[in-house]
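Chemist: A structural model of the following input is requested.
(2 chains)
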Amino acid sequence: MSKEKNMDLEKNVYQKEKLEQKPTRNGYGQGLVELGKRSEDVVVLCADLTGSTRSAMFQKEFPDRFIQVGIAEQNMLSIAAGLAFSGKVPFVSTYGVFCPGRNWDQLRVNVCYSKANVKLTGAHTGVSVGPDGATHQALEDIAITRCLPNMTVLAPCDMIETKKATIAAGEIKGPVYLRFAREATPIFTTVKTPFQIGQAEVFKQGKDVSVIACGPTVHEALLAAHDLAKENISVAVVNNHTIKPMDEKTIIEAAKTGAVVTAEDHQVMGGLGSAVAEVLATSLPAGRQVPMEMIAVQDRFGESGQPEELMKEYGLLAEDIKQAIKKVIKRK
Amino acid sequence: MEIKKLKEQANIIRKDIIEMLVEAKSGHSAGPLGMADVFTALYFGDVLKHDPKNPKWEQRDRLVLSNGHICPVHYATLARVGYFPIEELKTLRKLGSRLQGHPHNAALPGIETSSGPLGQGISQAIGMALAVKMDKKKNQIYVISSDGEHDEGQTWEAIMFAGKNKMDNLTNIMDRNNIQIDGFTEDVMPLEPLRDKYEAFGWHVIDIDGHNIQEIIDACNQAKAIFEKPVVILAHTIPGKGVDFMEFDFKWHGKAPCAEEGQKALDCLRTLDGKIKGEHE
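Modeler: Okay, the predicted model is just below:
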C-alpha cells in the first residue's frame, strides 16, 4: 500500500490482555461534556436511559441543557429537530434499536429531509450487547441510516476514538448517526491517532489482502493480521470509522492488494461490507475486480449469551477473520 | 386589518386554493378551505409576529404546520402576505416547484418544518419552544394540527411532554373538522372527549368557532396570556367551508376538483354561497 503514516496506536496493540478495556459509549459521555464546555448550543436528550447511554455525564455538568423525554423515542427525535431549527445542536441518546430503529420516519422526514443539525446515537449495537438478546441488539442501524440523504454515519473503534467522533460530530453541520457498543472493548488507539470524519485510516500496512472494518471489530482484524504474519500472509487493516460518506479513495487503494475482507458487528446486508462492495464494484475496471468476503451477522437475529460467546457463535472474532482472509486469498 | 377586510382576504385565499388544486390536478380540498379563516387571522390579523421580507428573522414567532397535507392554504396565505410571488401558486405539485405536495422547509421561505407523515408537528414545535425558553426569549410557537392526527401515538407523547414542562409559549390550534380520509373521526377512531383529554394532560383548552375571525384572534391572545400551561385551541371548522358541495363531505378530504368542479367552486366563493350575484350568472 502507499505512503506510510504513523497511526500512533497503543504500543501493546497486539497483546489484548495488556490493553485497558472500556465500552465505546464511555467516550460518548466524555465527548459530550467536552462539547458542552465548548458551546452553549449543545443540548442532550435522553429517553429514560441516562446511565447506560452515558448521557448522565452531560446531565450532571449541564442540567439546564439536558432534556428528559421519558420512553418516547419518536417524540425525542422530533423535539431534537425543533431544537436544531432554532440553532441548538441536539444529541439524542438511546439504544440503536430504538433510534434509528423505532423512530426512522422521524429521522427520515424531520431530520434528514429537513436538514436538521441533529446528532443521534445508538448505544448497544451488535450481537456483542450480550444477554439482553435479539430485541436489544441493533444489527440493522448502519443499513437504515446510510440509505438516507444528508446523513453522516460513524462507527468508532474504541473509547478514545468515540470521544473524538462525538466532538467531531458536534462540530460539523448536518445529521450524524454515531454507533456504539455496549461491552468493554480494548482501547488500542491513543489521543494522537488521527481521526477525521470521512477519512479511513490504514492501521496496518499489508500486501496480500486488505481487511476493512469498523467499530471494535477493527481490533479483531488487527489481531488476525498479526497472527497471519507468522504464516507469511501480509494483511492490511483499514479502520473505516466513517461509513457515510465513504472514503472511496482509501477503499480503492486498499483493493490494490487484490483481495478484500470486510468485518463488522452488523447484518451482512446493507452494512459496511455492502458499502465497500458498492464502491469497488462501481470503481474498479474489468480485470481488476477483487474477490471479497464479508464478516458480519449472516441474515439472522441475535440471541442471549455472553458477548464473547456470541461473537464466536456469529463468527465475528479474529479467528473468523483469519479464515475469511485465507478463503479470499484462494479466490484471487 | 378590520374583520370585514379579513373575511374578504380569507375568501381570496379560498379562491387561490381552488385554482391551485385544479391546476395541480391532485391534492386535498376540504382541510385547506376549512382552515382559510384561521390562517388569515394568524398572518393578516396581527397574531403572528413575522416579516415576509425576512423569513428567518430571529425574533419571529414560529408556525409549524403539522398536518402538511393542508399546505395549499398555507402556501396561498404566504404568497398573499408577501413571502413569494402569487403566480408561483400555480406551480403546486409540479416538477421543480418550491411548492411541494407536502411542505418542505428547505424549499420555501416561511415554511418552518417538513411535514406530511402525521403526528410529528407538536414535537417539533416543542423543540422550538424549549430553545426559546433556554435562550430566555419571548417568542410564541404555534402548531396547526389536525384532529385525525390525534390517532398517532406520538401526538400524545408530545402532549404529555408539553404538559409536564408547562410550555406556556406553545399554542396548538387543532382543526376540529371531524373528518379524515376514511370517514368521520368518531367512526374511524373516536377522539372525544378532547377537552377532558387535553386537560388531563395539563393543558388549557379553548373551544372556538374556527370561522369566526374575531374569535380566532381573541383565542390566540388569550392563549399567550395563559401562564405555566400549554394551550390548545379546538377550532371547530367545516371541512370544505365556502364551497357548498364540498362542505361536511369527507370524500373531499383527499381529492382535488376537476376543471368543471373548480369553476362551480369558484362561483360559489365569488357569490358567497349564492348570497350575492355571481359574475357567471
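
Chemist: skipping its backbone neighbours, what lies nearest the closest residue to chain B within the stretch 101-250 of chain A in space?
Modeler: Here the residue of the stretch 101-250 of chain A nearest chain B is A:Ser114; by CB to the nearest CB that distance is 4.4 Å. C-beta coordinates here come from the backbone N, C-alpha and C atoms, glycine included. Nearest non-adjacent residue to A:Ser114, counting by CB to CB, 6 or more residues apart in numbering or on different chains: B:Ser114, 4.4 Å away.

Chemist: dihedrals phi and psi, that neighbour?
Modeler: For B:Ser114, the backbone dihedrals (degrees, to the nearest 10) come out as phi -100, psi 140.

Chemist: isn't it right next to A:Val111, touching?
Modeler: No - in this structure, B:Ser114 is not within contact of A:Val111 by CB atoms under 8 Å, at 9.7 Å.

Chemist: neighbour-wise, which of the two wins?
Modeler: Between B:Ser114 and A:Val111, counted using other CB atoms under 10 Å in any protein chain shown, A:Val111 has the larger neighbour count: 31 against 27.

Chemist: isn't there a helix covering that one?
Modeler: Yes - counting by DSSP: H, G, I helix; E, B strand; the rest coil, A:Val111 is located in a helix.

Chemist: just to check, it is in contact with A:Leu83?
Modeler: No - at 11.3 Å, A:Val111 does not count as touching A:Leu83 under the criterion of CB under 8 Å.

Chemist: please tell me the pLDDT value assigned to the residue of the stretch 101-250 of chain A closest to chain B.
Modeler: On pLDDT, A:Ser114 comes in at 98.

Chemist: overlap in contacts of A:Val111 and A:Leu83?
Modeler: Common contacts of A:Val111 and A:Leu83 (CB atoms under 8 Å, 6 or more residues apart in numbering or on different chains): A:Val118.

Chemist: which helix or which strand is home to residue 31?
Modeler: All of this refers to chain A. Assigned by DSSP states H and E, A:Gly31 falls within helix A:24-38.

Chemist: ah, no, chain B please
Modeler: helix B:30-34.

Chemist: tell me which helix or strand comes right after that helix.
Modeler: Assigned by DSSP H and E, the successor of helix B:30-34 is helix B:36-44.

Chemist: can you pull out the helices in the stretch 151-281 of chain B?
Modeler: B:153-164, B:185-188, B:194-200, B:213-225, B:259-270 (DSSP state H, counting those that start in this stretch).

Chemist: quick check: which of those helices is buried the most?
Modeler: helix B:153-164 (a mean of 22; mean count of other CB atoms under 10 Å in any protein chain shown).

Chemist: pull the residues that contact it.
Modeler: Contacts of helix B:153-164 (CB under 8 Å, 6+ apart): A:69-70, A:72, A:74-75, A:78-79, A:106, B:118-120, B:122-123, B:126, B:129, B:145, B:149-150, B:170, B:198, B:201-203, B:229-230.

Chemist: so which elements touch the helix holding B:Gly31?
Modeler: In this structure, helix B:30-34 packs against helix B:3-24, helix B:71-81, with contacts taken as 3 or more CB pairs under 8 Å, 6 or more residues apart in numbering or on different chains; DSSP states H and E.

Chemist: most tightly packed of the ones you listed?
Modeler: helix B:71-81 (a mean of 25).

Chemist: what is the burial count for the residue nearest to B:Lys255 when sequence neighbours are not counted?
Modeler: Leaving out its chain neighbours, the residue that sits closest to B:Lys255 by CB to CB, 6+ apart is B:Ser29, at 6.0 Å. When neighbours are counted by other CB under 10 Å, B:Ser29 registers 27.

Chemist: who's in contact with B:Pro239?
Modeler: B:Pro239 touches B:30-31, B:33-34, B:177-179, B:246-250, B:252-253, counting by CB under 8 Å, 6+ apart.

Chemist: how far out from the middle of the chain is the helix or strand containing A:Leu228?
Modeler: Assessed by DSSP H and E, A:Leu228 sits inside helix A:217-229. Computed by CA atoms, centre = their mean, to the nearest Å, the separation of helix A:217-229 from the middle of its chain amounts to 17 Å.

Chemist: who are the contact partners of the residue of the stretch 1-150 of chain B found nearest chain A?
Modeler: When scored by CB to the nearest CB, the stretch 1-150 of chain B has B:Gly127 as its residue closest to chain A, at 2.0 Å. By CB under 8 Å, 6+ apart, the residues touching B:Gly127 are A:Ser78, A:Ile79, A:Ala80, A:Ala81, A:Gly82, A:Leu83, A:Ala84, A:Phe85, A:Ser86, A:Lys88, A:Pro90.

Chemist: that's all I had, so thanks and see you.
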